[in-house]
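**Student:** Sequence and predicted model, in that order:
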Amino acid sequence: MRLNNDFFTITDACTDEGNLRFRIRLNPDHFIFRVHFVGNPVVPGVCLTQIATELLEQHLNCRLMLDTATSIKFKRPINPQIEPWFAFSKVQKEESGLLKAVFMIEDEQAQYAKMSLLYKVID
C-alpha cells in the first residue's frame, strides 16, 4: 500500500553535506488513526518504515523492497499533528548488493526513532 499523498505528503526536501532530509505532513484524518489508537492517535512503526522506503524510492528513482531491519529504535510516539523530518545520514550499497539506509525521524524538539534498514533494489 502506497502512503504518499494519502497518509502523508512531502512538504520539503533537501540535501545537505551528503545528508538527505524530507519533512512530511501526516494526514490526521486518515483511517489508520481512527484505530491506532482511538482518542490518542500514534503513527504505527510499520508506516514509518514504509514512509522511509517511499522517500528513498522517490529520491533514487527506483523501486525498493525491505530486506532486513538491522536496527529499529522507537524513542517517542509520533502523533499525526507533528511534522517530522526523515533525515537519512547514510545511504550506501553494501558488498552484498543490498542498499543500506540509516535514518532518524525527528523534529526541532525531539528524536522519535532511529532505523537502519537494508533494501533490495527491484528495478
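**Tutor:** Perfect, I can see it now.
**Student:** Correct me if wrong: Tyr119 contacts Thr53.
**Tutor:** Yes. The pair Tyr119 / Thr53 is scored as a contact, 7.2 Å apart, by C-beta atoms under 8 Å. (Glycine included, C-beta is placed from N, CA and C.)
**Student:** Check which helix or strand the most centrally placed residue in the chain maps to.
**Tutor:** Nearest to the centroid of the C-alpha atoms of the chain, with distances taken as C-alpha atoms, centre = their mean, sits Ala52, at 2.7 Å. When secondary structure is defined by DSSP states H and E, Ala52 falls within helix 45-60.
**Student:** Also Ser116?
**Tutor:** With DSSP H and E as the criterion, Ser116 is inside strand 111-121.
**Student:** Quick one: mean pLDDT over that strand.
**Tutor:** The pLDDT scores in strand 111-121 average 98.
**Student:** shared neighbours of Tyr119 and Thr53, anything?
**Tutor:** When contacts are counted by C-beta atoms under 8 Å, 6 or more residues apart in numbering, Tyr119 and Thr53 have Leu64, Leu66 as shared neighbours.
**Student:** wait, isn't Leu66 in contact with Leu117?
**Tutor:** Yes. The pair Leu66 / Leu117 is scored as a contact, 6.1 Å apart, by C-beta under 8 Å.
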